[in-house]
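Participant: structure of the sequence below:
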Amino acid sequence: MTEKEIDEFEKVEGQLMGLHQEVQNLAKKSPDDGVNKFKLGHINSVLGAANKLMKPVQRPFSDFEQFNVDDVPTNSDVLLILRQYANCFEEVRSANISQFGGAWYWLINGERSSRRARPPAKLK
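Facilitator: Numbering: from 1, shown residues only. Below is the predicted model:
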């Protein structure tokens, strides 16, 4: 990854996690309710940005790009997709960080940088 890609990755990751939390709360209350077009537009925007940051083989589903706003997916459908994207995003992030001296750093073009990163969600 480049410095610019890391900046974009961290932004999209934060958006993805925020949307995941919001939809999770909605799905707890009303799992079968449809997601409105306004929310779906923002969700699709974040999914589109996530798709650009991941190679096709890193994406959770090869045949999924974003939601069709006319199909009105349910809260639980959207939650399923966001959870899968969050898991795949974590895999990509984990593959692009390295531990040195007890701290974690981003790899830039395959080399450890001075840019700090949080530890992977699942330590290997």
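Participant: thought W106 was touching N96?
Facilitator: Yes. When contacts are counted by Cβ atoms under 8 Å, W106 is listed as touching N96 (6.3 Å). Glycine gets a C-beta too; all of them are placed from N, C-alpha and C.
Participant: more crowded one of these two?
Facilitator: Using other Cβ atoms under 10 Å as the criterion, W106 and N96 rank with W106 on top: 21 against 16.
Participant: now do the SS call for the more buried one.
Facilitator: Following DSSP: H, G, I helix; E, B strand; the rest coil, the label given to W106 is strand.
Participant: enumerate every residue touching the closest residue to it other than its chain neighbours.
Facilitator: With Cβ to Cβ, 6 or more residues apart in numbering as the criterion, W106 has its nearest non-adjacent residue at 4.5 Å, and that residue is R115. By Cβ atoms under 8 Å, 6 or more residues apart in numbering, the residues touching R115 are E3, I6, Y105, W106, I108.
Participant: secondary structure element holding R115?
Facilitator: Of the helices and strands defined by DSSP states H and E, R115 is found in strand 111-117.
Participant: CA atoms only: put that strand into CSV for me.
Facilitator: Output in CSV follows, covering the C-alpha atoms of strand 111-117 (Å, rounded to 0.1, in the frame of the first residue of the first chain):
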residue,chain,number,x,y,z
GLU,A,111,8.5,-2.0,3.8
ARG,A,112,7.8,-1.2,7.4
SER,A,113,7.1,2.5,7.8
SER,A,114,7.1,4.8,10.8
ARG,A,115,3.3,5.1,10.5
ARG,A,116,1.7,3.4,13.5
ALA,A,117,-1.2,1.0,13.2
